[in-house]
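> Mind folding the following:
(one chain, ligands or ions: 1)
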Amino acid sequence: MEQKYDVIIIGAGIVGLATAYRLLQYKPDIRLCILEKEELIAKHQTGNNSGVIHSGIYYKPGGLRATNCRRGYKMLLEFCQEENIAYDVCGKIIVATQDYQLPLLDVIFERGEANGLQGLSKLDIAQLKEHEPHVQGLKGLWVPQAGIVDYMGVAHRLHEKILKAGGEVILGQKVEKVDNRGTQCELVTASKTYIGKLMINCAGLYSDKVALYTRDSLDMRILPFRGEYYKIKPEREYLVKNLIYPAPDPNFPWLGVHFTRMIKGGIEAGPNAVLAFRREGYKKLDINTAELLDTIAYKGFRKMAMKFWRQGMDEYYRSFFKSAFTRSLQTLIPELTEDDLIEGGAGVRALACGDDGALLDDFVFYEDKHVINVCNAPSPAATSCLSIGQTVAEMAMKQL
Ligand SMILES: Cc1cc2nc3c(=O)[nH]c(=O)nc-3n(C[C@H](O)[C@H](O)[C@H](O)COP(=O)(O)OP(=O)(O)OC[C@H]3O[C@@H](n4cnc5c(N)ncnc54)[C@H](O)[C@@H]3O)c2cc1C
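Here you go, the predicted structure:
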């Protein structure tokens, strides 16, 4: 049985949902559906992230990540206000605990100013302690714009609005094949064929695989990096007031283990970053042999592994030994002990790696006739979702 649409989006994560929402705002009479392989929306990256509203301080000025984060930040806050979704712009501190990190703080400060952030300030140790009494460090930054929100809540509200606007979200439909016929695309699942004038790939951890359904080659692949969390025991939550981040290593796309107050209560510590042996591998021993071999066979991965094998081993060590994880956290809060931490959940990041072994820093879109592939939407893509959705919807409008 075939079903016809103007636009078919693959993936009901926050990026696919925001894209559908924006498209239905631009063209309310459009026939649009989202095909999602799971039986519920936002089960993967969107449902397992840190819940931080990023300010845009980290990203290279002028890049898509920076511009979409700044624009998306405003859009997200407006959306939450209009829709009565709880959020808190509580601000965060970024802390240098070692001398070599001090110049990194300056770089981030300058990036923040270049990205239009106001009210950033440099902090000495006494000022750091005014924000977070239990933190230790040499110097820090105060970022007043950072905040927290429940992205699952945002995703569910987008879902409701899509349905209200006449869109469809069809669950349990894994797209296994796409035929671009030159005038339309045919998307095949185990039970049905869906025909669309335009297909938009928002498949997150599988966005490269889905892109290869319609492209002969791709000069990048998605590598899955699991981020594991601990929670601080309720009686020790007083150690953290809001958000405490280390000065990030500019060689890595993740921000280092940090402390996050969650909007629904509780404090999370993490996430780390270990290569997952399966794209949706949330547990240490989750293995999919075919996916693992596919990762190892990729030349970009092998080049990256040659460069970062030592850091990779450190990450595994920290993953398997709670004492090592605790030691990393103690660089920020020395009073924290192993007993204060209880195991939390995990998320898997879709990180795009190029054939040259470099992790792609920016959002990546590939536009072909009848197809748009969103192939790299890493953090802060949840913060930026409404802006990314708008960017993709504008691309789509040109093809409709
Ligand atoms: C541990 C972690 C912490 C993070 N912290 C933050 C943060 O604090 N702030 C922030 O802004 N960002 C954060 N991020 C990043 C952010 O969560 C992601 O960038 C964002 O959720 C990506 O959304 P997405 O829709 O592209 O992907 P996803 O949410 O992964 O959605 C993709 C969807 O596509 C579906 N799919 C895949 N293949 C198919 C197929 N063949 N057919 C049908 N459906 C398919 C999947 O089932 C999935 O539902 C974090 C990410 C992680 C993993």
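> okay, CA-based contacts and neighbour counts for the rest of this
Noted.
> so where do the helices sit in the stretch 101-250 of the chain?
102-114, 125-131, 151-164, 207-211 (DSSP state H, counting those that start in this stretch).
> Same list (those) but as TSV, adding mean pLDDT, mean neighbour count and distance to Glu186.
Listed next are the helices of the stretch 101-250 of the chain as TSV, based on pLDDT from 0 to 100; neighbours: other C-alpha atoms under 10 Å; distance: least, C-alpha to C-alpha, whole Å:
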stretch	mean pLDDT	mean neighbour count	distance to Glu186
helix 102-114	95	17	44
helix 125-131	97	16	55
helix 151-164	98	18	22
helix 207-211	98	22	13
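> Out of these, which is closest to the ligand?
Nearest to the ligand, of all the helices of the stretch 101-250 of the chain, is helix 207-211, at 6.2 Å by C-alpha to the nearest ligand atom.
> What parts of the stretch 251-400 of the chain come near the ligand?
With C-alpha under 6 Å from any ligand atom as the criterion, the stretch 251-400 of the chain meets the ligand at residues 347-349, 377-383.
> Got a quick PyMOL command for the buried subset of these?
Selecting only the buried entries of these in PyMOL, with 16 or more other C-alpha atoms under 10 Å as the criterion:
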select buried, resi 347+348+349+377+378+379+380+381+382+383
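> Make JSON lines out of the residues of the stretch 251-400 of the chain next to the ligand and add distance to Pro246 and secondary structure.
What follows is those, written out as JSON lines (distance: C-alpha to C-alpha, whole Å; DSSP: H, G, I helix; E, B strand; the rest coil):
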{"residue": "Gly347", "distance to Pro246": "20", "secondary structure": "strand"}
{"residue": "Val348", "distance to Pro246": "21", "secondary structure": "strand"}
{"residue": "Arg349", "distance to Pro246": "19", "secondary structure": "strand"}
{"residue": "Ala377", "distance to Pro246": "23", "secondary structure": "coil"}
{"residue": "Pro378", "distance to Pro246": "19", "secondary structure": "coil"}
{"residue": "Ser379", "distance to Pro246": "16", "secondary structure": "coil"}
{"residue": "Pro380", "distance to Pro246": "17", "secondary structure": "coil"}
{"residue": "Ala381", "distance to Pro246": "21", "secondary structure": "coil"}
{"residue": "Ala382", "distance to Pro246": "21", "secondary structure": "coil"}
{"residue": "Thr383", "distance to Pro246": "20", "secondary structure": "coil"}
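> Relative to Cys90, which of the residues of the stretch 251-400 of the chain next to the ligand is nearest.
Thr383 (15.0 Å; C-alpha to C-alpha).
> Just confirm Leu123 contacts Leu141, I think it does.
Yes. Counting by C-alpha atoms under 8 Å, Leu141 is a contact partner of Leu123 at 5.5 Å.
> Could you tell me the end-to-end distance of stretch 27-42?
Stretch 27-42 has its terminal residues 24 Å apart, counting by C-alpha to C-alpha, to the nearest Å.
> Check the offset of it from the chain's centre.
A distance of 20 Å separates the centroid of the chain from that of stretch 27-42, by C-alpha atoms, centre = their mean, to the nearest Å.
> what about that stretch, near the ligand?
Yes. Counting by C-alpha under 6 Å from any ligand atom, the ligand is contacted by stretch 27-42 at 35-38, 41-42.
> any idea which of those residues is the one closest to Glu110?
Among the residues of stretch 27-42 next to the ligand, and counting by C-alpha to C-alpha, the member closest to Glu110 is Ala42, at 34.5 Å.
> And stretch 55-71, end to end?
Stretch 55-71: ends 10 Å apart by C-alpha to C-alpha.
> Select the longest helix from this structure.
helix 299-320 (DSSP state H).
> Tell me the buried residues in whichever helix or strand comes after it?
With elements assigned by DSSP states H and E, the helix or strand that comes after helix 299-320 is helix 322-330. Residues 322, 324-330 are the ones in helix 322-330 that count as buried (16+ other C-alpha under 10 Å).
> Residue numbers of the stretch 51-200 of the chain in contact with the ligand?
Near the ligand, when you scan the stretch 51-200 of the chain using C-alpha under 6 Å from any ligand atom, you find 51-54, 173-176.
> cutoff 8 Å now
Remark: the part of the stretch 51-200 of the chain in contact with the ligand comprises 51-54, 148, 172-176, 189, using C-alpha under 8 Å from any ligand atom.
> Please pick the buried ones from these.
Members of these classed as buried by 16+ other C-alpha under 10 Å are 51-54, 148, 172-175, 189.
> Touching stretch 78-95 from outside, list them.
Applying C-alpha atoms under 8 Å, 6 or more residues apart in numbering, the contact partners of stretch 78-95 are 53, 77, 105, 128, 131, 137-150, 153-154, 157, 242-247, 263, 332.
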